[in-house]
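Participant: 3D, please:
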Amino acid sequence: MEEKKGFGKGLLIGIVGGALGMFIMAVAVIIISMNGLGKSIGDGTLFIEGAEGPNGGVMYELTETEDYVISKIGYIMSMIDSEFYFEYDKDKALDGIYYGVLDSLGDVYSTYYSKEEFDDLMETTQGVYYGIGVKVSQSYATGIITVAKVFEGAPAFEAGMLPGDILVAVNDEDISGMDLNLVVTMIKSEEEGSKVKITVLRDGKYVDMDVERRKVEYPAVEYEMLEDNIGYLQLVEFDTVSIKQFEAALKDLNSQGMKGIVFDLRDNPGGTLDSVVGILDMILPECTIIYTEDKDGKVGSKYVSDAETILNVPAVVLVNGNSASAAEVFAGDVQDMGVATLVGTTTFGKGIVQQVYPIGDGTAVKLTQSSYFTSAGRNIHGDGIEPDVYVELDEELLGKVIIEKGEDNQLQKALEVLGEKIKAAQ
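Facilitator: Numbers count the residues shown, from 1 in each chain. Here you go, the predicted structure:
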């Protein structure tokens, strides 16, 4: 057996999915329209750059109903100013109106960011931030944030955090229903060694833990050669460096005489569109990789693969309920094109894309604005992708942070399926 190999990814800043401006296909992760700084043009119309419309923007005129709503809000605020007994924060009250409008959409991925929140989000895209070393996912239906993976040796690991823990509070602030990216900013810090108090729900009981923030290194791609010349390649996420690392890993395994390969996408929350497209282009035949559609069915971005491939052996892909977004594009495409057999459990089911529209006063709105489709035209939002071979992880392994390959029943099933494919190909 060859020594396990990996590529350094850099800094794990708390929770995957916190970085803005990069991840468009990760669980509860977003694109930022960096040039979309709204501006008033004097007649009450809002001009948002970076979208369709004159000069690349959208002109929006108030309807009669909306004009009435604004007048009504003004009347209510005037009444509060003159009649309300207690002191209050007017900015906070107005923000509450905007939160309410976005909350009424019933979409956990669409939200309003106050100036303070948006400033925090933008600041996390720059400089060095320290975190706790976990990955989480947020339920579309409930907004509940669950720990998907705890990295061995990370601060969260040392504090006793486990996969399956439900995040309840950060520094005693209730985070129920809160946007995932805002929770990320609460957990991260520029100050290495500082501590954050996290409350989780585990087996019906609340557990408090003080977790030290620090730099956490983790691999974007890990690989090794198992017995019988079976390659094993784990994609932790689809990062900006994953394409080169994936190519190098696959070529190295090929040079060692690999007869088949298991791609492990379990607990992979997604990542950049460019990354998953670049990786799939290496292993798919000529086909459509992914395309998006807006609410009117208009096709937006479309990506295709050429006929060249560096994958010439039978393959199996491991997935679970935390395999999301870009990971689901990977899984769906290889299944659609017959390139690999899927083993595991149904994937997360996020087939939509968000964009953030900054507004001229420093606030911003994040909206779901399109769906994406796999090679065969499947949109998996809300349903996920069903594996070809369904197998759940053994119950006694569910709460473990470290699972040895020999006891990993899902991996063992994948190896069994792969062995059958290798025999059939001979």
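Participant: which element is residue 254 on?
Facilitator: helix 242-255 (DSSP states H and E).
Participant: same deal with residue 332?
Facilitator: helix 326-336.
Participant: and that helix, what's its mean pLDDT?
Facilitator: Regarding helix 326-336, the rounded mean pLDDT is 96.
Participant: for the closest residue to residue 162 other than its chain neighbours, give me the pLDDT.
Facilitator: Nearest residue to residue 162, sequence neighbours excluded (CB to CB, 6 or more residues apart in numbering): residue 399, at 5.1 Å. No exception for glycine: its C-beta is placed from N, CA and C like everyone else's. In this model, residue 399 is scored at 77, pLDDT.
Participant: got the contact list for whichever helix in the chain runs longest?
Facilitator: Ranked by residue count and defined by DSSP state H, the top helix of the chain is helix 64-83. Here helix 64-83 makes contact (CB atoms under 8 Å, 6 or more residues apart in numbering) with 62, 88, 90, 93-94, 97.
Participant: ok, of these, which one's closest to residue 362?
Facilitator: Among those, residue 94 lies closest to residue 362 (CB to CB), at 13.0 Å.
Participant: what residues of stretch 259-277 count as buried?
Facilitator: Within stretch 259-277, the residues that count as buried by 16 or more other CB atoms under 10 Å are 260-277.
Participant: among the residues you listed, which are in strands?
Facilitator: Judged by DSSP state E, strands contain the following of the buried residues of stretch 259-277: 260-264.
Participant: adding distance to residue 305 and pLDDT, write these out as TSV.
Facilitator: Listed next are these as TSV, based on distance: CB to CB, whole Å; pLDDT from 0 to 100:
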residue	distance to residue 305	pLDDT
260	21	98
261	18	99
262	21	99
263	16	99
264	22	98
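Participant: just those now: which is nearest residue 191?
Facilitator: Using CB to CB, those come closest to residue 191 at residue 264, 34.4 Å.
Participant: specify the beta-bridge partners of that closest one.
Facilitator: Per DSSP bridges, the residues bridged to residue 264 are residue 234, residue 318.
Participant: that one and residue 95, how far apart?
Facilitator: According to CB to CB, to the nearest Å, residue 264 and residue 95 sit 43 Å apart.
Participant: what's the average pLDDT for the lengthiest strand in the chain?
Facilitator: Secondary structure of the chain per DSSP E: the longest strand is strand 364-373. Across strand 364-373, pLDDT averages out at 92.
Participant: by contact count, what packs against it?
Facilitator: strand 111-113, strand 287-293, strand 352-358 (3 or more CB pairs under 8 Å, 6 or more residues apart in numbering; DSSP states H and E).
Participant: pLDDT on the second one, on average?
Facilitator: I take that to be strand 287-293. Taken as a whole, strand 287-293 has a mean pLDDT of 95.
Participant: and for the last one?
Facilitator: Strand 352-358 shows an average pLDDT of 86 in the prediction.
Participant: how about the shortest one?
Facilitator: In this model, strand 111-113 has an average pLDDT of 92.
Participant: still on that earlier bit, please identify the most buried of the helices and strands packed on strand 364-373.
Facilitator: Most buried of these by mean neighbour count (mean count of other CB atoms under 10 Å) is strand 111-113; its value is a mean of 24.
Participant: paired strands for it, with orientation please.
Facilitator: strand 364-373 (antiparallel).
Participant: return the list of strands paired to the very next helix or strand once past the strand it pairs with, each annotated with direction.
Facilitator: The element immediately downstream of strand 364-373 (helix or strand, assigned by DSSP H and E) is strand 389-390. Strand 389-390 pairs in its sheet with strand 341-344 (parallel), by DSSP bridges.
Participant: of the ones in strands among the buried residues of stretch 259-277, which is the nearest to residue 328?
Facilitator: Scanning these for proximity to residue 328, where the rule is CB to CB, the winner is residue 263, at 13.2 Å.
Participant: ok, which pair from the contacts of helix 64-83 is furthest apart?
Facilitator: 62 and 88 (26.7 Å).
Participant: neighbour count for the two, which is higher?
Facilitator: residue 62 (14 against 11; other CB atoms under 10 Å).
Participant: how about the secondary structure of the more buried one?
Facilitator: On the three-state scheme (DSSP: H, G, I helix; E, B strand; the rest coil), residue 62 is labelled coil.
Participant: now it, what are its backbone angles?
Facilitator: Backbone geometry at residue 62, expressed as degrees, to the nearest 10, gives phi -70, psi 140.
Participant: wait, isn't residue 368 in contact with residue 108?
Facilitator: No: Residue 368 is not in contact with residue 108 according to CB atoms under 8 Å; the separation is 9.4 Å.
Participant: and these two? Which one has more around it.
Facilitator: Set residue 368 next to residue 108 and count neighbours by other CB under 10 Å: residue 108 wins out with 20 against 17.
Participant: please name the nearest non-neighbouring residue to the more buried one.
Facilitator: In space, and not counting its chain neighbours, residue 108 is closest to residue 143: 4.8 Å by CB to CB, 6+ apart.
Participant: and residue 135, how far from residue 165?
Facilitator: 12 Å.
Participant: find the residues that touch each one of these two.
Facilitator: With CB under 8 Å, 6+ apart as the test, residue 135 and residue 165 both reach residue 147.
Participant: circling back: now the longest strand of the chain, how far from the chain's geometric center?
Facilitator: 13 Å (CA atoms, centre = their mean, to the nearest Å).
Participant: okay, buried residues for it please.
Facilitator: Those would be 364-366, 368-373, for strand 364-373 by 16+ other CB under 10 Å.
Participant: likewise stretch 371-386?
Facilitator: Neighbour-count burial for stretch 371-386 [16+ other CB under 10 Å]: 371-375, 378, 380-381, 384-385.
Participant: which residues does residue 398 contact?
Facilitator: 163-164.
Participant: residue 404: which of the ones in strands among the buried residues of stretch 259-277 is nearest?
Facilitator: Nearest to residue 404 among these, with distances taken as CB to CB, is residue 264, at 14.0 Å.
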